[in-house]
Each structure stands twice: as C-alpha cells, then as structure tokens.
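next one to model:
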Amino acid sequence: MIIKSKLKLALLVGFSLSVLSLLIHLLVTNYSTGDLVQYHPALDNFHPIAQKNRNGRLWGSVSTLAALQPFANPRRKFPVPSEHNGFIYAKIHGGFDKIRSSICDLVAISRLLNATLVIPELQQSLRSKGISPKFRSFSYLYNEEQFIGALSNDVVVVKNLPEDLKKARKKIKFPTFSPQRLASPTFYIEEVLPKLKISKVVRLLITDGGCLESVLPSSMVEYQRLRCRVAFHALQLRQEIQILGNHMVARLRAYGRPYLAYHPGLLRDTLAFHGCAELFQDLHTELIQYRRKQMIKRHIVHEELNIDSVARKRNGSCPLMPEEVGLLLRAMGYPQNTIIYLAGSELFGGQRVLIPLRAMYTNLVDRYSLTSKKELSDLVGPEYPLPVSTPQSPAAKSRDQLLEEWNRAGPRPRPLPPPPARPFYAYEHQGWYGWLLETDKEPDPSPADLRMQAHWLLWDALDYYVSVEADAFFPGFHSDGSGWPDFSSLVMGHRVYQEASRRTYRPDRKAISEFFDTIRDNLYHPSHNWTVAVRDHLNRSLSVDGLKAAALQSKPSSFLSHPLPECSCTTTSSPILNLLKDTGGNLIYGKEDKCPQWMDKKLVAVSFNASDSQGEDVEEIESSEESGTKQFESVGPSPEDEEMDPYD
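Below is the predicted model:
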C-alpha cells in the first residue's frame, strides 16, 4: 500500500514538472521571437487595428489646419456671358496629371475668351486604336454629363462642334495654336482672341500639362476659383472608376484600419530631366541617359548630358528611394504591419527597388492586390484583340548550304561550331531592354505599348482616388521644379482643398538627404537623436510651416497643387498674421475669407454627430473587451474619420 502511494506521488510530481517545463518553454519562446522575421499574411489576413487602437500621433488630424475649409464658390457676380466669340477645341498630350491640369486651364481660357468649349480629346487614348469602343476620348476617364452640368453657370460646354464646322475641321481650315507652358492671359487676349473672332473656331494643342500661368493677377481671382470648381467638382471620374475606387478604399479600411498612400515618383522622364541616372544600375542608367539626350535635342533640358547624380540628390532634385521612405516612416513610429498603398502606374526600376521597403513593411499593396482580374477588365471594357506576334524559327538550311559553310570555315583544326539557331521571342526585342542591345534608336511604340499607355490613365485615376481618400499621404517626389504638374502635388493640393487637417507629409528632400548623409554607414540602426530630428522635420511638414514651404515651391508652377487662399475659407475669426507672398508680390498663403454662416452651422452639426458616434463606438469596443470577446468585424470607421464636403 505504501509502495502504491509513493508511486502515485512520483507520477504526480513528474506530471507537474512536465507542465511547468512546458509553460516555461512557451514563455521563453514568446519573448525570444521579437527579433525574428515573421511571415505576414496576405491582404485578407491583415492584422486588425480597431478604432480604439488608432494612434493619434500617427493618424490624427493636424489641429493647426482644422480651420481651413473648402469654399470655391464665386465671391461676386460671375454669370455666364450671353454672347460667344466662337468655339475652342483641344487635344491634350500626356499622362493623367498633365490631362487634369490642362483641362482646368482650358476652362479658364474659354471663360477668359468668352468662348464655347468643346470637350477636349485625350491624345493618350486616341493613339490607342484598340481601347474599348464604348468610351469616347474624354469619357474614358471622366463623366461627361457631370462636367457639362457642373460648369453650366460658368462656361458653355458642348460635346461636338456644329455639323457645318465639323467638315471644315477635317480640312484643317481653322487656326491652330500650341501654347507654351504657363502662358500668360495676355497671350490669349492678344494672339488667340482676334483669330477666334474671325474664324469662329480655334484649335489648341497642349503638350506640357499647363497652358495658363499658375499665379494670376489679383484681379483674376474668380478665374482661380473657377479652376478649383473644375478640378474638385466638375472633373469627376466616370462611375465605374469611382465604384471600384470605393471598393478598394473599403478593403483597405476593413476592420477600422487606417492606411497610408505612397507615390514613389520614379518616372523615366522625371529622372532624365533632373539627371538622376546614377541612382540606378545597368541598363536603367542607359535608358535614363538616352531620354535625357532626346530632351537636350528638343531644348527641354538646357544642361550637359552627364550630371553628378549624387550632387543632384543632395540638392533635393531627385526622388526619395523607397528604402529611404521606409526608414523615414519607421522613424516616425509607423509599425511594421502598417498598410501602405503603392500608387502610380509607372515604377521605373521595377519591383526590385521595392525590396527594402517590402522588408520593412510587408503590408505593402497596390491595385493588383486589392482587385481581381475581372474587376480590372470590366473597368477597361471590351477591347479588340491585338495581333499575336508568334516566335519565328530561322529557315532550315539545305545539305548543300551546310557543306558550303563547312568548306568555307577556314583552316583546321577548327573550333566548335556555334550552337544551332533558335527562334527569337517577342519579349527579347520589345520592352525596356531589348532595343537598347540592338540599336541606338528607341523604336516606335507598338500597338500593345499604346494600349498599355491608355490603361495607365485608368490605373493612375484609381490610384489618385485612393490617395486622396487615404488617412495619410507620403510623396516620394513632388514640386520638382520642372514646371510640369506631377501626380503627388495634385494629390496634395486636392487633400488640402478637401480637408486640410488630414495628414499630408511634405518632406524637404534636401533636408532629408542631409539627414541620411549623417548615418550613411548605419542606416538601419540610427541614433535616437537622428530619429527625433527626422520626426520633428516630418511633423513640421504637416503643419502651417510645411504648407508655406509647399506654397513657395509648387504654386508658381501648378495652382492645383496649392489652391490657397483663393479656394478656401476659415472658420475662425482671428486674423492670420503670417501672410506669404511670392517674388511678384502675389499672395500665396494667408488672408482666407471667413466662411459663410451656413457653413459654420453645418460644420458644428457634423462635429457634434461625429463625437457622439465615436463615443458609442468606444463604449461598444470596451464592453466587448470586458466580456472577453474580440469583435473587430463589428467596428467600422467612425464618422469622425469620414471626409466632410460642405457641397454635399
């Protein structure tokens, strides 16, 4: 009996020691995996972040800019003229950003010349003969009916020229103008208007993304507001793009998660213009230099072909590389599971330049991660099939030809014969590298290339929509000084107009380059002082200081990148003392009008409802946590996070 009791005691002690050892092992394992690289699931398995856990320091609004509200209505009488001098029709060359900027300028020019505007044609879609026939050129991107209706109180817009003028247009009987970038209003009044009155029709060819100067005289302030009404109200993406964009935003914000949009700005033309070829390797450098040589021949670039890219980088003239952006976001405190949306249809350098950023932030997604092939194909519409270029095998040689080659092969002993000829596939001749190995001249774009360029318009439109709606936006390259409108600057201007207090980073690339020069040998383990300095710089870029710096950089070349103070009002009655003017004495920041009374009341009501709803959401989360259950699925975005538009 005593032996059995001792045996039971020994078994009990052994079992207890085993359980204790297992618990210690699990505890040690839990605390020892902090430095290991863990697998991060795909989009459907993102780490849930509820509204309660949203970090205000990383995602909260900027309180110093909360008083700025969108208000682009005319401040005085601005009726549509009763008599018209004629018609203006235009062809716009370029990508999404140039098209958007040019259309706004066209509307302002039509009003300036008292002309009827024919809906412009987008050359990027016209060149592609294989796009879906269900879309007209303009309607490939934008809603025609919305565009015409929204501008009915400003400019008369028609879809086509009258029938009697269409025939004359085909015979090119009307004067044609190719206005320079940022042309002055005087050019249109003195050069274009007289011929418009005589011929009744004028054609404009716009290639540089902006045909009217950005900063207009103070007497033309209503034309600036007209530009805002065009860009932010009349130019609405067609319904299919908006629907898919809403789906993408909803998927990014599932379970109450915020997301950050990032546009690298790595475009071949931009890199060639600023001489940033040495940032890349191999054939990428040669491709940039080839494009730069073409720009020099066309007098677009007035510099030498070979430029010190490192010096340009330190001067802030080159884009921030994705690796640098990842280090900046990490210095700001964004966790590794932050959702980052990668915007931009073109990424020069390919996916390999994103490898360091993906290592730091594995929830890096793009349009292909958020949509299915069917959704994208439905957006494109039914297209005609392109001819398939099948590989062609070399012609077979006869026995006599082989013998003749053998006899002409030279003295013996002979080297091994070359390997048998094989077919050359299309991808070996086409694409970004094939032509560079075979010829010194870049070939003309193929039908597939033209169709791809047309598709880029749609992808940029989707990315623009998602970037404007993002909880935070970080540009890799903006306000580059070239004078061309760029994607990031247009997004930043739209966000400032729509809700200025949202987090929109405006990094000074020259200062950022100086920061990285100090830790070049220890990038991934910077000192605490370096992290604090970077964090202070980026936080200041979010506030009034960053907005003023952006005004000096971007507004002289693109009004839509900084539509202040003309297109905004302030809800506070305290005057803004720090007025900012450009070199010409024009006001570019400060002295915003006081918002009308009806807007103040609406904003107060929206704020009150948002605070109540947020309180209810927090109580629901707390109660679910107390009950021991996790209900992330039931937590949706609160009204506080929803964008507010007083024009709704």
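
so where is the stretch 251-400 of the chain shaky, pLDDT-wise?
388-394 (pLDDT under 70).

for residue 459, which non-adjacent residue is closest in space?
Nearest residue to residue 459, sequence neighbours excluded (CB to CB, 6 or more residues apart in numbering): residue 345, at 4.0 Å. Every C-beta, even on glycine, is put in place using the N, C-alpha and C of the backbone.

ok, that neighbour - contacts?
Contacts for residue 345 (CB atoms under 8 Å, 6 or more residues apart in numbering) come out as 96, 455, 456, 459, 460, 463.

cool, residue 526 as well?
Per CB under 8 Å, 6+ apart, neighbours of residue 526: 327, 331, 519.

most neighbours out of these, which is it?
If you count neighbours using other CB atoms under 10 Å, the busiest of the contacts of residue 526 is residue 327, which has 24 neighbours.

state the helix or strand in which the spatially closest residue to that residue that is not a sequence neighbour lies.
Among residues not flanking residue 327 along the chain, residue 523 sits closest, at 6.3 Å (CB to CB, 6+ apart). Counting by DSSP states H and E, no helix or strand carries residue 523.

I'd like the distance between residue 523 and residue 460.
As defined by CB to CB, to the nearest Å, residue 523 lies at a distance of 31 Å from residue 460.

those two: which is more packed in?
Ranked by neighbour count (other CB under 10 Å), residue 523 and residue 460 place residue 460 first, with 23 against 12.

look at that one and give its secondary structure.
In three-state terms, and counting by DSSP: H, G, I helix; E, B strand; the rest coil, residue 460 is helix.

identify the residues contacting the residue nearest to it when sequence neighbours are not counted.
Of all residues not flanking residue 460 in the chain, residue 96 sits nearest, at 3.6 Å (CB to CB, 6+ apart). For residue 96, the contacting residues are 141, 345, 456, 457, 460, 461, 464, 487, by CB under 8 Å, 6+ apart.

next, format the residues you listed as CSV and append secondary structure and distance to residue 73.
Listed next are these as CSV, based on DSSP: H, G, I helix; E, B strand; the rest coil; distance: CB to CB, whole Å:
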residue, secondary structure, distance to residue 73
141, coil, 26
345, coil, 34
456, helix, 34
457, helix, 30
460, helix, 29
461, helix, 26
464, helix, 24
487, helix, 28
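
from the residues you listed, which has minimum pLDDT?
Ranked by pLDDT, the contacts of residue 96 bottom out at residue 345 (83).

next one: phi and psi at it?
Torsion angles at residue 345 (phi, psi; degrees, to the nearest 10) stand at phi -80, psi -30.

how near is it to residue 85?
From residue 345 to residue 85 the distance is 38 Å (CB to CB).

cool, residue 519 as well?
61 Å.

and residue 306, which helix or strand is it part of?
Per DSSP H and E, there is no helix or strand for residue 306.

what of residue 179?
Per DSSP H and E, residue 179 falls between elements, in no helix or strand.

now do the same contact list for it.
Taking CB under 8 Å, 6+ apart as the test, what residue 179 contacts is 187, 188, 204, 206, 211.

out of those, which sit inside helices?
Mapping the contacts of residue 179 onto helices (DSSP state H) picks out residue 187.

what's the closest of the contacts of residue 179 to residue 14?
Of all the contacts of residue 179, residue 14 sits closest to residue 206, with 85.1 Å by CB to CB.

wait, doesn't the closest one sit right on residue 88?
No. Assessed by CB atoms under 8 Å, residue 206 is found out of contact with residue 88, at 11.2 Å.

joint contacts of these two?
With CB under 8 Å, 6+ apart, residue 206 and residue 88 have common neighbours residue 106.

would you check that residue 331 makes contact with residue 535?
Yes. Between residue 331 and residue 535 a contact is recorded at 5.9 Å, counting by CB under 8 Å.

now do the domain split for this structure, please.
Listed domain ranges for the chain are 79-238, 241-275+319-381+449-570, 276-318 (source: the TED database).

nearest to residue 405, out of those domains?
domain 276-318 (33.9 Å).

okay, buried residues for stretch 273-280 please.
273, 274, 275, 276, 277, 278, 279, 280 (16 or more other CB atoms under 10 Å).

surely the second one touches residue 311?
Pointing back at residue 274 there. No. Under the criterion of CB under 8 Å, residue 274 makes no contact with residue 311, lying 11.1 Å away.

ok, so of the contacts of residue 179, who is nearest residue 245?
Nearest member of the contacts of residue 179 to residue 245, counting by CB to CB, is residue 206, at 26.3 Å.

burial check on the closest one, number of neighbours?
Residue 206, neighbours per other CB under 10 Å, totals 25.

for residue 89, what are its contacts?
117, 118, 120, 121, 161, 169, 201, 202, 203, 204.

so which of those belong to strands?
Under the assignment DSSP state E, those contribute 117, 118, 121, 201, 202, 203, 204 to strands.

just the buried members of those?
By 16+ other CB under 10 Å, these give 117, 118, 201, 202, 203, 204 as buried.

between those, which is nearest residue 152?
residue 117 (12.0 Å).

from the contacts of residue 526, pick the one nearest residue 471.
residue 331 (18.7 Å).

surely the closest one is in a helix?
Yes. Looking at residue 331 with three-state DSSP, it is inside a helix.

using PDB, write out every CA atom in the helix or strand harbouring residue 375.
Assigned by DSSP H and E, residue 375 belongs to helix 373-380. Provided in PDB are the C-alpha atoms of helix 373-380 (Å, rounded to 0.1, in the frame of the first residue of the first chain):
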ATOM      1  CA  LYS A 373      -8.600  40.500 -62.800                       C
ATOM      2  CA  LYS A 374     -12.300  40.600 -63.700                       C
ATOM      3  CA  GLU A 375     -12.800  44.000 -61.900                       C
ATOM      4  CA  LEU A 376      -9.900  45.500 -63.800                       C
ATOM      5  CA  SER A 377     -11.000  44.000 -67.100                       C
ATOM      6  CA  ASP A 378     -14.600  45.300 -66.500                       C
ATOM      7  CA  LEU A 379     -13.100  48.800 -65.900                       C
ATOM      8  CA  VAL A 380     -11.200  48.600 -69.200                       C
END
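
phi, psi of residue 469?
According to degrees, to the nearest 10, residue 469 has phi -80, psi 0.

kindly report the same for residue 68.
According to degrees, to the nearest 10, residue 68 has phi -80, psi 130.

which residue packs closest to it, ignoring adjacent ones?
Closest to residue 68 by CB to CB, 6+ apart is residue 500, at 4.0 Å.

count the residues that sit near that neighbour.
By other CB under 10 Å, neighbour count at residue 500 equals 22.

give the contact list for it.
With contacts taken as CB under 8 Å, 6+ apart, residue 500 has the following neighbours: 62, 65, 66, 68, 69, 547, 568.

highest neighbour count among the residues you listed?
That'd be residue 68 among the contacts of residue 500, by other CB under 10 Å, with 25 neighbours.
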